[in-house]
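Visitor: Build me a model from this:
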Amino acid sequence: MTARIANISFDARDSYSQMVWWNQILHDFDVEEGVDGPGDPECALAASDGTLVLFQQVPEAKTVKNRMHLCLVAADGDRDGEVERVSALGARVVDDRRTPDGRGWVVFADPEGNELCIVRSRAEIEADHAAP
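Guide: Model prediction:
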C-alpha cells in the first residue's frame, strides 16, 4: 500500500485572501466548489487530480519559521522569470540563494509569512548539465 497527498493545509488569519493570492501563484489549480467568499473560514484550491491546497482560518498569526514549505518551478518560462512574477504579486524575498553559476533558489514569504521557494525546473538543470 502507498499513500497520496489529499491536501496541503495552511493556517491563515484570512483564509479567503490567502486562497486568492495562492490562486495567482499556482498553475492548474482552481477555486474549490463551495467557497463562499471573504470571511469563509475554510477555502481551497483544487488540482484536476483532486489534490487540494487548503486554507484554514486560525486566530493567531504565524510566529516561527515553517518546518515544511512548497518548492515551486515555473509552469512555463524559467526560475528567474518566475521569481520576478511572484515578487510582482507581493511575495517578500526572505533569502536569495541563487549562485553566480546559475544554480540555487529564492526563498519567499507569502502575504501571511509562510515560506515558499522558487527553484530551477528539471529542464533548466538538464540544460546546465548538457552545457560544455
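
Visitor: okay, CA-based contacts and neighbour counts for the rest of this
Guide: OK.

Visitor: okay, and for this protein, where does confidence drop off?
Guide: In the prediction, the chain carries residues with pLDDT under 70 at positions 131-132.

Visitor: ranges for the strands of it?
Guide: In the chain, the strands defined using DSSP state E lie at 7-12, 29-31, 42-47, 52-57, 70-72, 92-96, 105-109, 115-119.

Visitor: would you turn those into TSV with distance to residue 63?
Guide: Converted to TSV, the strands of the chain look like this (distance: least, Cα to Cα, whole Å):
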stretch	distance to residue 63
strand 7-12	12
strand 29-31	27
strand 42-47	21
strand 52-57	15
strand 70-72	18
strand 92-96	15
strand 105-109	13
strand 115-119	12
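
Visitor: Take the ones you listed and write them to a markdown table, including distance to residue 85 and mean neighbour count.
Guide: Output for the strands of the chain, formatted as a markdown table (distance: least, Cα to Cα, whole Å; neighbours: other Cα atoms under 10 Å):
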| stretch | distance to residue 85 | mean neighbour count |
| --- | --- | --- |
| strand 7-12 | 22 | 17 |
| strand 29-31 | 17 | 18 |
| strand 42-47 | 20 | 22 |
| strand 52-57 | 20 | 22 |
| strand 70-72 | 12 | 14 |
| strand 92-96 | 12 | 15 |
| strand 105-109 | 12 | 20 |
| strand 115-119 | 11 | 22 |
